[in-house]
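A.B. asks: I'll drop the sequence and a predicted model, then ask my questions.
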Amino acid sequence: MNTSTANTPTLSELEARAGKGQPVFGEHAHILCDNLVRIYKTEGVEVVALQGLDLLIDKGELIAIVGASGSGKSTLLNVLSGLDVPTAGLARVAGTDLLSMTAKDRLRYRRQVVGFIWQQTARNLLPYLTARENVRLPVKLAGNRDQAADADELLELLGVANCADRRPGQMSGGEQQRVAIAVALANSPEVILADEPTGELDSENSEQVFAALRSANRELGVTAVVVTHDPLVSEQVDRTVGIRDGRTSSETLRREGTDGGIIAEEYAVLDRVGRLQLPRDFTSALNMERRVRLELERDHIGVWPDKPRSSEDAE
Ligand SMILES: Nc1ncnc2c1ncn2[C@@H]1O[C@H](COP(=O)(O)OP(=O)(O)OP(=O)(O)O)[C@@H](O)[C@H]1O
């Protein structure tokens, strides 16, 4: 009901006026995580797996997520895939708000907006169906024939057309993962999420699976997020996001140099309120603990250990 009168604007009108002209965080991002928190409670013990994580991913990007065991990578992927609901914050994928979805929205989201590839090859495919039947199954379940991709075309794109009539037991681990990518793409999702897709494979198979992911990203324009420990994957994407203690802590950007070589530059991530995680090896090398001294220079900020200034400094 609109209760606005000539003199009393509604709350949404006031919000619109206040926000006019101001950029909204992640307004154009395909995937947006804003101050995302996930707390697990088991037997009275709380584990804060995501501690205010910020992340923006553009449409059509292929990014890798890396981080130590327990840093929150799988938790993040579970939230983005709609399998898990965050405790607080904002998560939006392709325009869908993941915190306010109804059960029906969630089912539609998981079937049609995102595709998922697990590390365990056996978890991705039904063992008694052929590759082609596996790819057609999600289309049948979603009743989505109009928007679905053609199973044989997908298998061809991912380099496993020869496996169309084989069951998973008759394929190598790498072939199974490439068919799994086809299954994830069957309903023409906007985003695919993969949790350690090459974790169980040797380097040759890993390379083929990564090439298949890259083809899906480039040829179909699907946004792809890959959690990985595999340098072969993390060192070949344009952007690698590092997660530490449930927050994004670093980003490595890669671009082609003028000589054709790849230039990789690592950045620390500055969050929306100005927090920065300094790499642990930097802080321990300079014995930085608890607090540091900051100095604003013309073109950078200096960070100094908290120790008494030397007499030279004091002069
Ligand atoms: N279902 C759960 N119940 C309780 N705690 C959990 C649950 N799932 C994850 N955690 C905890 O949350 C934190 C983050 O776990 P998560 O699995 O997201 O890390 P990860 O970076 O994916 O680790 P790995 O690389 O080992 O898979 C860990 O401390 C973990 O023990």
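C.D. replies: Arrived safely.

A.B. asks: can you pull the buried residues of the lengthiest helix in the chain?
C.D. replies: Counting residues, the longest helix found in the chain (DSSP state H) is helix 203-220. For helix 203-220, the neighbour count (16 or more other CB atoms under 10 Å) marks 205-210, 212-213, 216-217, 220 as buried. C-beta here means a position set from N, CA and C on the backbone, and glycine is covered the same way.

A.B. asks: If you count contacts, what does the helix or strand following that helix end up packed against?
C.D. replies: The first helix or strand that comes after helix 203-220 along the chain, using DSSP states H and E, is strand 223-227. In terms of contacts (3 or more CB pairs under 8 Å, 6 or more residues apart in numbering; DSSP states H and E), strand 223-227 is packed against strand 62-66, helix 73-80, strand 191-195, helix 203-220.

A.B. asks: near the ligand, which residues of this protein show up?
C.D. replies: 40, 42, 47, 49, 67, 69-75 (CB under 6 Å from any ligand atom).

A.B. asks: Quick one: these as JSON lines, columns for pLDDT and neighbour count too.
C.D. replies: What follows is the residues of the chain next to the ligand, written out as JSON lines (pLDDT from 0 to 100; neighbours: other CB atoms under 10 Å):
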{"residue": "40", "pLDDT": "93", "neighbour count": "13"}
{"residue": "42", "pLDDT": "86", "neighbour count": "7"}
{"residue": "47", "pLDDT": "91", "neighbour count": "13"}
{"residue": "49", "pLDDT": "95", "neighbour count": "24"}
{"residue": "67", "pLDDT": "91", "neighbour count": "21"}
{"residue": "69", "pLDDT": "92", "neighbour count": "7"}
{"residue": "70", "pLDDT": "91", "neighbour count": "12"}
{"residue": "71", "pLDDT": "92", "neighbour count": "20"}
{"residue": "72", "pLDDT": "94", "neighbour count": "25"}
{"residue": "73", "pLDDT": "94", "neighbour count": "23"}
{"residue": "74", "pLDDT": "93", "neighbour count": "17"}
{"residue": "75", "pLDDT": "95", "neighbour count": "21"}
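
A.B. asks: and the two most separated of those?
C.D. replies: Spanning the widest gap among these are 42 and 67, at 21.7 Å by CB to CB.

A.B. asks: Show me the contact partners of the longest helix of the chain.
C.D. replies: 60, 62, 149, 157-160, 172-174, 177-178, 181, 185, 188, 192, 194, 197-198, 201, 222-224, 226, 230, 232-233, 236 (CB atoms under 8 Å, 6 or more residues apart in numbering).

A.B. asks: Now do it against strand 191-195, angle only.
C.D. replies: 170 degrees (axes from the mean of the first three to the mean of the last three CA atoms, to 10 degrees).

A.B. asks: and helix 203-220, how far from the chain's centre?
C.D. replies: Its chain's C-alpha centre and that of helix 203-220 lie 17 Å apart, by CA atoms, centre = their mean, to the nearest Å.

A.B. asks: CA atoms of it as PDB?
C.D. replies: C-alpha atoms of helix 203-220 as PDB (Å, rounded to 0.1, in the frame of the first residue of the first chain):
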ATOM      1  CA  SER A 203      48.200 -33.700 -14.300                       C
ATOM      2  CA  GLU A 204      47.200 -34.700 -17.800                       C
ATOM      3  CA  ASN A 205      43.600 -35.300 -16.900                       C
ATOM      4  CA  SER A 206      43.600 -32.100 -14.800                       C
ATOM      5  CA  GLU A 207      44.800 -30.100 -17.800                       C
ATOM      6  CA  GLN A 208      41.900 -31.500 -19.900                       C
ATOM      7  CA  VAL A 209      39.300 -30.700 -17.300                       C
ATOM      8  CA  PHE A 210      40.600 -27.200 -16.900                       C
ATOM      9  CA  ALA A 211      40.600 -26.800 -20.700                       C
ATOM     10  CA  ALA A 212      36.900 -27.900 -20.700                       C
ATOM     11  CA  LEU A 213      36.000 -25.400 -18.000                       C
ATOM     12  CA  ARG A 214      37.700 -22.700 -19.900                       C
ATOM     13  CA  SER A 215      35.900 -23.700 -23.100                       C
ATOM     14  CA  ALA A 216      32.500 -23.500 -21.300                       C
ATOM     15  CA  ASN A 217      33.500 -20.100 -19.900                       C
ATOM     16  CA  ARG A 218      34.600 -18.700 -23.300                       C
ATOM     17  CA  GLU A 219      32.200 -20.300 -25.700                       C
ATOM     18  CA  LEU A 220      29.000 -20.100 -23.600                       C
END
